[in-house]
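1. Got a predicted model here, sequence first, then my questions.
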Amino acid sequence: MYKAKVVGAGSYSPETIVTNRDLEKVVDTSDAWITRRTGIKERRIATGGLLTSDLATRAAQQALGQAGMDAQDLDLVVVGTVTPDRQFPSCACLLQEKLGARKAASMDVSAGCSGFIYALSVANNAIRCGEAQHALVVGAEVLSGVTNWADRGTCVLLGDGAGAVVLSRTDEDTGIKAIHLRSDGSFGHLLYSVDQNGTPRQALEIVPGAGEPKPFYLVMDGKPLFKKAVECLEEITRWTLDKAGVKVEELALMVPHQANIRIINALAQRLGLSEDKVYTTIERYGNTSSASIPTALAEAVSMGRLAPRDKLLMVTFGAGLTWGASLVEWSI
Ligand code: ACO
């Protein structure tokens, strides 16, 4: 069976910065509370009509550039997102068109904040079984479009952005060594979307004037989610390391989902991983859901934090509940 290796990484964060001080004017909160409880100082917001597929396009172009590859070489485009431009066509198809990836098959993966690792798994399997030679994997979100700006419990957490990697088939014993995915729908009530009436999306009655389609927003029960996140992240990290035959002390870098600095620190502490081996961007970008891992990864790569043969762990947790991890031997 073939293997898949990362040959390029890229990211795009919108230019508009919203600081904690800005949010003090919107809801009853403070910079001190947000910083202490989450580690977030500011986040980026996609203004000027930028859509998820626009952010994804910029991140993907950077990743393709690093890979030295043309979009037309891609066989597969997979986008992890909970905020596609539209329900359909998929964000991946819109991205395919914007990139000019003519011969690719394209699809979205919806797995909450775990969307990127789930998308990585889809692309990895397509390459391993010979279905694709080159695949683009993207995590992209415009969460500001589904944020309830009156809810201080969630609006201070979220941000917009996109990150991407290009995977290529290899015969060498390197690249993606393990991916493990999990979900548990019985905890779906801890983080979900509702429309403006507080209901799940449902068929509109076929009665004139019965109702316009409603935008949806995000609802979260943060405290139990926090506890569950730390447990699941530790469990799946250990499982994935074990499957790859890698010890914690062999890790060069961990790039976790950026939901809360206290979750990240608790995970690192449980694993016995020192702070300098954990890459965080939450202070500057907040929680960008599916985009958080690939954005942080691309930044880490640009900062020279990974060298060929380094062992990289990516681990995530999100709505579903879903969680997942991947151990990658770096190859750029
Ligand atoms: N500013 C000021 N006070 C606030 C704010 C705010 N922005 N938000 C909540 N509070 C208040 C609450 O009202 C509460 O007040 P009370 O004690 O008078 O009732 C108090 O602060 C404590 O609230 P908690 O919700 O218990 O605060 P907690 O310390 O748990 O932090 C947080 C909340 C940051 C949401 C945390 O629980 C968390 O990070 N949870 C996990 C998030 C997560 O992992 N999500 C999954 C992935 S994200 C995704 O999929 C999009």
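-> Done, it's in.
2. and V255, which of the three is it?
-> V255 falls in the strand class when you classify it by DSSP: H, G, I helix; E, B strand; the rest coil.
3. For it, give me its contacts.
-> By C-beta atoms under 8 Å, 6 or more residues apart in numbering, the contact set of V255 is Y279, I293, A296, L297, A300, L312, L313, M314, V315. C-beta coordinates here come from the backbone N, C-alpha and C atoms, glycine included.
4. Output the below-cut-off pLDDT ranges for the stretch 101-250 of the chain.
-> 196-215 (pLDDT under 70).
5. Burial check on the closest residue to S292 other than its chain neighbours, number of neighbours?
-> Closest residue to S292 apart from its sequence neighbours, by C-beta to C-beta, 6 or more residues apart in numbering: Q258 at 4.2 Å. Counted by other C-beta atoms under 10 Å, the residues lying close to Q258 total 30.
6. Could you do E15 as well?
-> So E15, with other C-beta under 10 Å, has 11 neighbours.
7. Let me know whether it touches A46 as I believe.
-> No - using C-beta atoms under 8 Å, E15 is not in contact with A46, being 9.3 Å away.
8. and the residue nearest to S193 when sequence neighbours are not counted, what are its bridge partners?
-> Counting by C-beta to C-beta, 6+ apart, S193 lies nearest to F216, which is 4.4 Å off, once chain neighbours are set aside. F216 has these beta-bridge partners by DSSP bridges: D195.
9. So that it lines up with my notes, have the first residue be 35 from now on.
-> All set: I'll call the first residue 35, so the last point we hit is now F250.
10. residues in contact with S47?
-> R78, D194, G195, A196, Y319, T329.
11. Ramachandran angles for it?
-> Dihedral pair for S47: phi -120, psi 130, per degrees, to the nearest 10.
12. Kindly provide the distance from it to the ligand.
-> Remark: distance between S47 and the ligand (C-beta to the nearest ligand atom, to the nearest Å) = 17 Å.
13. What of A97?
-> As judged by C-beta to the nearest ligand atom, A97 and the ligand stand 23 Å apart.
14. Ok, T271 next?
-> In this view, T271 and the ligand are 15 Å apart by C-beta to the nearest ligand atom.
15. Off-centre distance for the strand or helix carrying that residue?
-> According to DSSP states H and E, T271 maps onto helix 256-278. Relative to the centre of its chain, helix 256-278 is centred 16 Å away, using C-alpha atoms, centre = their mean, to the nearest Å.
16. Show me what from the stretch 185-334 of the chain comes close to the ligand.
-> Proximity of the stretch 185-334 of the chain to the ligand, by C-beta under 6 Å from any ligand atom, involves residues 186-187, 190, 225, 256-257, 259-260, 263, 293-294, 297, 321, 323.
17. nearest to I213, of the contacts of V289?
-> Distance ranking of the contacts of V289 against I213, using C-beta to C-beta, places M348 first at 9.1 Å.
18. right, and that closest one touches L340 too?
-> No - between M348 and L340 there is no contact under C-beta under 8 Å: 11.6 Å.
19. Now do the strands in the stretch 35-184 of the chain.
-> 37-46, 50-53, 76-79, 110-114, 139-143, 168-176 (DSSP state E, counting those that start in this stretch).
20. So M348 and L340 - more neighbours on which side?
-> M348 (25 against 22).
21. before we move on, what SS does the more buried one have?
-> What three-state DSSP gives for M348 is strand.
22. Distance check, it against S308.
-> To S308, M348 is 18 Å away according to C-beta to C-beta, to the nearest Å.
23. circling back: determine the number of other residues adjacent to the residue nearest to S227.
-> Counted with other C-beta under 10 Å, F250 comes out at 19.
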